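J.: Sharing a sequence plus its predicted fold:
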Amino acid sequence: MEEDAQWSRLTDGDRDGDQLDRSDRASLRRVAGLSTELEDVTEVEYRQLRLERVVLVGVWTDGTAQEAEGSLAELAALAETAGAMVLDGVIQRRDKPDAATYIGSGKAQELRDIVLETGADTVVCDGELSPGQLIHLEDVVKVKVVDRTALILDIFAQHAKSREGKAQVSLAQMQYMLPRLRGWGASLSRQMGGGGSGSSGGGMATRGPGETKIETDRRRIREKMAKMRREIAEMKTSRDLKRQERKRHQVPSVAIAGYTNAGKSSLLNRLTGAGVLVENALFATLDPTVRRAETPSGRLYTLADTVGFVRHLPHHLVEAFRSTMEEVGDADLVLHVVDGSHAVPEEQLAAVREVLREVGAIDVPEIVIVNKADAADPLVLQRLLREERNAIAVSARSGLGIEELLAIIDERLPRPAARVEALVPYTHGGLVSRVHAAGEVLSEEHTAEGTLLTALVHDDLAAELSPYALTAAQG
Ligand SMILES: Nc1nc2c(ncn2[C@@H]2O[C@H](COP(=O)(O)OP(=O)(O)OP(=O)(O)O)[C@@H](O)[C@H]2O)c(=O)[nH]1
Ligand SMILES: [Mg+2]
């Protein structure tokens, strides 16, 4: 290995500032990270039984060494989130991934040595590999090879909670599996020879009972996918209805978006006191969660948590998770949360914006929320606040900046348009409360005849107030 400096190995010491966070995460999820100490020996057996022992491998084609290592460190976090134990990580410098084995046959042999040396049972590649690359690399390293896409799908499958979320994940999994069926039925793929990259095979000779089986499997999967798509379409309709309902009542909506693990759910909790799952793991949230919230001035709005974004999100997953993105696209305001304690939060901001652009949600007004200010490098904070026009530093954990954020939300929410002056009898106290919740009360006075209000409200509420409206003569 010394003869080739391009093959760089990530050791404990090379790990970035995320390290502490990741060992936290490991202990939370009972997964051994590289720096996790065992509490007792029985844990070893537990882990060896249950967890996959993985070696990570990345191909570094462009960008800096730091970026390449950052990408692999993120892959390590993803693997740990999926429940794996990361034993080692290596990066291969190449112009482009090798068409046959992703890292090239020589490096594949070296990888085989690392697999033997560490006792790994799985290799995780930092990219999306073709079915042929997966098979060829498996043939050399002789353990299971999975790619970043499969890993993310696995995490999504573990975390999806709602019926719709689950259905979307299975659909994406099937979509991913379909062209790779041959690679996964191990004995079958070997039997059919090395030409795993195409489906044409070698004519009659390969069309044995195995081929028929694969074709049957493929057909079954396609049928199941079609059924799933219909079901998802139905679920989407009911979600759309709910959203229209909210729109009709003209409750302003705010969506929290941002990179995975940035602290979106923590912020939602902080802002609403809602008990939403917060976990130091990637993709803790996979289903949209919508809460009611109130501004300091008493106006109601909805606050939606969303699934985290990640770099190189597999394309059909973007498709599959469009549902939560739609929530963002429809919002009146986006709270774009970024982890201020990350070394280069700008990368996360850019990655999220790229996805937002892809789903057509880039035009929604945005507040950049630099979270984890308690743990952030002050210089990084300063830089971000300078670069981003509408940015605020907060800490969902300590509460720092939250009050200011609430005031900004209040200010940035769309204002109701109609100005009314009305004298509402005390028998209609409910109406007054609704003006407080949905509109903006400019003045309020309790008179003998009832509540005298001046307020900005939406058209529907203005109509309800009209029987009590004061005419210009009276006003
Ligand atoms: N130090 C610090 N840690 C925070 C802060 N906010 C959140 N965290 C931690 O960051 C981790 C991720 O928080 P979540 O709220 O689950 O993040 P998320 O963006 O919802 O993540 P996903 O749903 O997985 O995409 C947790 O361990 C939180 O405790 C903060 O202000 N300061
Ligand atoms: Mg979350």
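T.: Cool, got the structure. Ligands and ions are numbered 1, 2, ... in the order given.

J.: Now do the domain split for this structure, please.
T.: Domains of the chain are assigned by automatic domain parsing as 7-159, 161-249, 250-412, 418-468.

J.: Least confident of those, on average?
T.: Least confident of these, judged by mean pLDDT, is domain 161-249 with a mean of 67.

J.: how many other residues sit next to whichever residue of the stretch 201-350 of the chain sits closest to ligand 1?
T.: Proximity of the stretch 201-350 of the chain to ligand 1 (C-beta to the nearest ligand atom) peaks at Gly308, 2.4 Å away. Backbone N, C-alpha and C define where each C-beta goes, glycine included. By the criterion of other C-beta atoms under 10 Å, Gly308 has 24 neighbours.

J.: That one against Ile256, yeah?
T.: No. Counting by C-beta atoms under 8 Å, Ile256 is not a contact partner of Gly308; they are 10.3 Å apart.

J.: Need the residues touching each of these two.
T.: Common neighbours of Gly308 and Ile256, using C-beta atoms under 8 Å, 6 or more residues apart in numbering, are Lys264.

J.: that older thread, count the neighbours of the closest residue to the residue of the stretch 201-350 of the chain closest to ligand 1 other than its chain neighbours for me.
T.: Excluding its sequence neighbours, the residue lying closest to Gly308 (C-beta to C-beta, 6 or more residues apart in numbering) is Thr260, at 2.8 Å. Look at Thr260: counted by other C-beta under 10 Å, it has 26 neighbours.

J.: Kindly report the same for the one 3 residues further on.
T.: Neighbour count of Gly263, defined by other C-beta under 10 Å: 27.

J.: What of Ala99?
T.: Neighbours around Ala99, by other C-beta under 10 Å: 12.

J.: For the residue of the stretch 201-350 of the chain closest to ligand 1, give its distance to ligand 2.
T.: Counting by C-beta to the ion, to the nearest Å, the gap from Gly308 to ligand 2 is 6 Å.

J.: if I look at the residue nearest to Gly308, how far off is ligand 2?
T.: Applying C-beta to the ion to Thr260 and ligand 2 gives a distance of 8 Å.

J.: again with Ala77
T.: 14 Å.

J.: Does that residue belong to a helix, a strand or coil?
T.: helix (DSSP: H, G, I helix; E, B strand; the rest coil).

J.: Could you find the residue nearest the spatial middle of this protein?
T.: Gly308 (1.9 Å; C-alpha atoms, centre = their mean).

J.: what are the phi and psi angles of that one?
T.: In terms of degrees, to the nearest 10, the main-chain angles of Gly308 are phi -70, psi 150.

J.: Please apply the same query to Ile367.
T.: phi -110, psi 130.

J.: which residues of the stretch 351-475 of the chain fall in helices?
T.: 378-387, 402-412, 429-438, 459-465 (DSSP state H, counting those that start in this stretch).

J.: Quick one, which of these gets closest to Thr295.
T.: helix 402-412 (3.8 Å; C-beta to C-beta).

J.: For the stretch 201-350 of the chain, just list every one of the helices.
T.: Counting by DSSP H, counting those that start in this stretch, the helices of the stretch 201-350 of the chain are 209-248, 264-272, 315-320, 322-329, 345-358.

J.: Any chance of those helices in JSON lines with mean neighbour count as columns?
T.: Below are the helices of the stretch 201-350 of the chain laid out as JSON lines (neighbours: other C-beta atoms under 10 Å):
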{"stretch": "helix 209-248", "mean neighbour count": "13"}
{"stretch": "helix 264-272", "mean neighbour count": "23"}
{"stretch": "helix 315-320", "mean neighbour count": "16"}
{"stretch": "helix 322-329", "mean neighbour count": "21"}
{"stretch": "helix 345-358", "mean neighbour count": "18"}
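
J.: Please name whichever of those is nearest to Leu129.
T.: Closest among the helices of the stretch 201-350 of the chain, using C-beta to C-beta: helix 315-320, at 14.4 Å.

J.: Check whether the helix or strand where Asp154 lies comes into contact with ligand 2.
T.: Following DSSP states H and E, one finds Asp154 within helix 148-159. No. Using C-beta under 5 Å from the ion, helix 148-159 stays clear of ligand 2, with a minimum separation of 9.6 Å.

J.: With only the CA atoms kept, save whichever helix or strand comes after that helix in PDB.
T.: Moving toward the C-terminus from helix 148-159, the next helix or strand (DSSP H and E) is helix 163-177. Below are the C-alpha coordinates for helix 163-177, written out as PDB (Å, rounded to 0.1, in the frame of the first residue of the first chain):
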ATOM      1  CA  ARG A 163     -48.600   4.200   5.900                       C
ATOM      2  CA  GLU A 164     -47.700   6.500   3.200                       C
ATOM      3  CA  GLY A 165     -44.000   6.800   4.200                       C
ATOM      4  CA  LYS A 166     -43.700   3.000   4.400                       C
ATOM      5  CA  ALA A 167     -45.300   2.600   1.000                       C
ATOM      6  CA  GLN A 168     -43.000   5.100  -0.600                       C
ATOM      7  CA  VAL A 169     -40.000   3.400   0.900                       C
ATOM      8  CA  SER A 170     -41.000   0.000  -0.300                       C
ATOM      9  CA  LEU A 171     -41.700   1.300  -3.700                       C
ATOM     10  CA  ALA A 172     -38.300   2.900  -3.900                       C
ATOM     11  CA  GLN A 173     -36.700  -0.300  -2.600                       C
ATOM     12  CA  MET A 174     -38.400  -2.300  -5.300                       C
ATOM     13  CA  GLN A 175     -37.400   0.100  -7.900                       C
ATOM     14  CA  TYR A 176     -33.800  -0.200  -6.800                       C
ATOM     15  CA  MET A 177     -33.900  -3.900  -6.600                       C
END
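
J.: Cool, thanks, signing off.
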